[in-house]
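Participant: got a predicted model here, sequence first, then my questions.
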Amino acid sequence: MYDSVVRGFTSPLPGGLQELAILLGNLAHESGGFTQTKEWACQYGGCAYGWYYGRGYIQLTWHDNYQKAADYLGRPDIVTNPDVVSDDEYTNWEVVQWFWTSTVQPHFQGAGVSMGASVYKINGFIECWSLGGGGIDYKRVGKIQCFQNQLVGWAEENRGC
């Protein structure tokens, strides 16, 4: 995994170790501790996302997001063969980088680097009260706080988004 991270995620993290902790905590949550690269419940149909269900450590969903990632990365195979996001480690990290830098980081500029701001862009309609969700999943909070304690020396308590 290390080689793929180094090759696939090369963008800077302006929020430093705090941003890295939030990124890794979110990815660990979305991927079952970096063990799942496909949304388990959707692999056999029945999800609103159709063929474009969650894949990769970021759990990329919806055709529109696959298309945007494919266009940005110059990788049409991301749309024609979405399993490449889950099955190829390098592509997985490229997609993580694209999503994080195009969707989450811009939100940090206005909202600040925080757990809540990241979840707002990753899973807001499910986990953010402000968007009708039920609150940030306690497992996600625990993973982010674990990385924050290790990398920053403190854990964020504000769970709003």
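Facilitator: Perfect, thanks for sending it.
Participant: the strands in this protein, which residues?
Facilitator: Per DSSP state E, the chain carries no strands over any range.
Participant: report the central residue of the protein.
Facilitator: Closest to where the C-alpha atoms of the chain average out (C-alpha atoms, centre = their mean) is residue 58, at 3.2 Å.
Participant: check the gap between it and residue 104 for me.
Facilitator: 9 Å (C-beta to C-beta, to the nearest Å). Where C-beta positions appear, they are placed from N, C-alpha and C, glycine not excepted.
Participant: before we move on, what about residue 125?
Facilitator: Distance from residue 125 to residue 104, by C-beta to C-beta: 15 Å.
Participant: residue 120 now?
Facilitator: Taking C-beta to C-beta, one finds residue 120 at 9 Å from residue 104.
Participant: ok, now residue 56?
Facilitator: Taking C-beta to C-beta, one finds residue 56 at 14 Å from residue 104.
Participant: so for the two, which sits in the more crowded spot?
Facilitator: residue 56 (29 against 22; other C-beta atoms under 10 Å).
Participant: for that one, phi and psi?
Facilitator: phi 80, psi 170 (degrees, to the nearest 10).
Participant: list residues touching both of residue 58 and residue 104?
Facilitator: Common neighbours of residue 58 and residue 104, using C-beta atoms under 8 Å, 6 or more residues apart in numbering, are residue 122.
Participant: roughly how far is stretch 154-161 from the heart of the chain?
Facilitator: Between the centre of stretch 154-161 and the centre of its host chain there is 18 Å, according to C-alpha atoms, centre = their mean, to the nearest Å.
Participant: buried sites along it?
Facilitator: For stretch 154-161, a neighbour-count test (16 or more other C-beta atoms under 10 Å) marks 155-156, 159, 161 as buried.
Participant: could you dump that stretch to CSV, C-alpha only?
Facilitator: Extracted in CSV, the C-alpha atoms of stretch 154-161 (Å, rounded to 0.1, in the frame of the first residue of the first chain):
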residue,chain,number,x,y,z
TRP,A,154,-5.1,16.1,20.6
ALA,A,155,-8.5,15.0,19.3
GLU,A,156,-11.2,17.3,18.1
GLU,A,157,-14.4,17.2,20.1
ASN,A,158,-16.7,19.3,17.9
ARG,A,159,-18.8,16.8,15.9
GLY,A,160,-21.0,19.2,14.1
CYS,A,161,-21.2,19.7,10.4
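Participant: roughly how far apart are residue 106 and residue 118?
Facilitator: 12 Å.
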